[in-house]
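Peer 1: I need the structure of the sequence given here:
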Amino acid sequence: MRTLTIATRGSKLALWQAEHVKARILELNPLLAEVDLLVLKTKGDKILDVPLAKIGGKGLFVKEIEEALLDGRADVAVHSIKDVPMTLPPNLALGAIMEREDARDMFLSMRFANLDALPPGARVGTSSLRRQAGLLRLRPDLAIVPLRGNVDTRLAKLAAGEFDAVVMAAAGVKRLGLSAPCMVEFPETAMLPAAGQGALGLEYRVDDKEVASFLTPLDHEETHLRVMAERGVLAGLGGGCQTPMAAHAKVEDGFLVLEAMLADIDGKRVVRETTRMGASLGLETAYGLGLGLADKVRRNGGEELLAELLAAHDQ
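Peer 2: Have a look, this model is predicted:
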């Protein structure tokens, strides 16, 4: 009987995600002998005192895991889609995307009910330039402080009084069952989510058809469609951690509705565009929709903004 090995990071959230995938694989494939976890520490896990934008971006969380796939130590990798770079190694595929959790960002505080309740100059922790831009657009008086580390580490810093509030992905907080005295999700109109936020992707070697057959039933068609559209936006804009950008798709009345946002780091200049297509038109069409929306963003002020952001990052 076949055994499978899942490569994962070692944080509580990553382990929860890997155990969730393990349980689903075993549930759907009872003839599998065993599913093991290979826990790896990535460069992004080791360097916690520098913002992601300054050390290479989100790809730092997947490189070591992909190497374990390529050299045969693992058969499957579980990723938060928002951490996966647009270009994968040639021999690997992101073939299954599981049903999405809450894609929104969440405000958490020990004593302030919401963003509006924060006093002027309040310290708000976030790990993302996208969230920084969104927060400063809504409250330019806030002091945005870089916050790295695992979800529970960030909440511990909040509880210790290092921050008046923190902003994180709602999905991670909910998956781990964590809480703070004051918690509220940002509506998408106020804070557009990152592409792929809340969704898990399963990566494997393209030549391992047996593994692909084990994972295909875990794929969630609507989530996959939405994520492909969002990643099309990132591909079209050349997105990375150095650029405050967002893309979020949803299915409404038989249409895939896709929204994209590009901003400067203080949220003063924002380009936000929307498009749609029939939700039954397929993954490649959804990806193309994202590319087309990215082009629209570029034409409506995004090109100049991207050039300025790149120049500022290179300084």
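Peer 1: where exactly do the helices run in the stretch 1-150 of the chain?
Peer 2: Using DSSP state H, counting those that start in this stretch, the helices of the stretch 1-150 of the chain run over 12-28, 43-46, 52-55, 63-70, 129-138.
Peer 1: Which stretches in the stretch 1-150 of the chain count as strands?
Peer 2: 3-9, 34-40, 76-80, 92-97, 105-109, 123-126, 143-146 (DSSP state E, counting those that start in this stretch).
Peer 1: Next, format those as CSV and append mean neighbour count.
Peer 2: Just so you know, the C-beta spots here come from the backbone N, C-alpha and C atoms, and that holds for glycine as well. As requested, those are exported to CSV (neighbours: other C-beta atoms under 10 Å):
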stretch, mean neighbour count
strand 3-9, 21
strand 34-40, 16
strand 76-80, 25
strand 92-97, 19
strand 105-109, 24
strand 123-126, 21
strand 143-146, 16
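Peer 1: Using a markdown table, lay out these together with mean pLDDT and distance to residue 238.
Peer 2: Shown next, in a markdown table, are those (pLDDT from 0 to 100; distance: least, C-beta to C-beta, whole Å):
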| stretch | mean pLDDT | distance to residue 238 |
| --- | --- | --- |
| strand 3-9 | 93 | 26 |
| strand 34-40 | 94 | 28 |
| strand 76-80 | 94 | 20 |
| strand 92-97 | 92 | 19 |
| strand 105-109 | 98 | 23 |
| strand 123-126 | 97 | 22 |
| strand 143-146 | 95 | 23 |
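Peer 1: CSV for these, including distance to residue 21?
Peer 2: Formatted as CSV, the strands of the stretch 1-150 of the chain follow (distance: least, C-beta to C-beta, whole Å):
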stretch, distance to residue 21
strand 3-9, 6
strand 34-40, 9
strand 76-80, 5
strand 92-97, 9
strand 105-109, 23
strand 123-126, 28
strand 143-146, 30
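Peer 1: Of all those strands, which one comes closest to residue 271?
Peer 2: Taking C-beta to C-beta, strand 105-109 is the member of those nearest to residue 271, at 19.3 Å.
Peer 1: Paired strands for that closest one, with orientation please.
Peer 2: Here strand 105-109 is paired, per DSSP bridges, with strand 165-169 (antiparallel), strand 182-185 (antiparallel).
Peer 1: Pull the residues that contact the very next helix or strand once past the longest one.
Peer 2: It stands for strand 165-169. On the C-terminal side of strand 165-169, the nearest following helix or strand under DSSP states H and E is helix 170-176. With contact meaning C-beta atoms under 8 Å, 6 or more residues apart in numbering, helix 170-176 is reached by 12-13, 16-17, 20, 100-106, 108, 151-152, 179, 183, 185, 197-198.
Peer 1: where does helix 170-176 sit relative to the chain's centre, distance-wise?
Peer 2: Centroid separation for helix 170-176 versus its chain: 12 Å, with C-alpha atoms, centre = their mean, to the nearest Å.
Peer 1: What of stretch 296-310?
Peer 2: Taking mean C-alpha positions (C-alpha atoms, centre = their mean), stretch 296-310 and its chain are 22 Å apart.
Peer 1: per-domain residue ranges of this protein.
Peer 2: 1-98+199-219, 105-185, 220-315 (automatic domain parsing).
Peer 1: In TSV, list the ones you listed along with distance to residue 193.
Peer 2: As requested, those are exported to TSV (distance: least, C-beta to C-beta, whole Å):
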stretch	distance to residue 193
domain 1-98+199-219	8
domain 105-185	6
domain 220-315	5
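Peer 1: Least reliable of those by average pLDDT, please.
Peer 2: With a mean of 85, domain 1-98+199-219 has the lowest mean pLDDT of these.
Peer 1: Point to the residue nearest the middle of the chain.
Peer 2: Centroid-nearest residue in the chain: residue 82, 2.3 Å away (criterion: C-alpha atoms, centre = their mean).
Peer 1: quick one, what contacts the closest residue to residue 224 other than its chain neighbours?
Peer 2: Closest residue to residue 224 apart from its sequence neighbours, by C-beta to C-beta, 6 or more residues apart in numbering: residue 97 at 4.4 Å. Listed by C-beta under 8 Å, 6+ apart, the contact set of residue 97 reads 81, 199, 200, 201, 202, 219, 220, 223, 224, 227.
Peer 1: The first one: how many residues sit nearby?
Peer 2: By that I understand residue 81. If you count neighbours by other C-beta atoms under 10 Å, residue 81 ends up with 22.
Peer 1: try the fifth one
Peer 2: Burial measure for residue 202: 25 neighbouring residues, criterion other C-beta under 10 Å.
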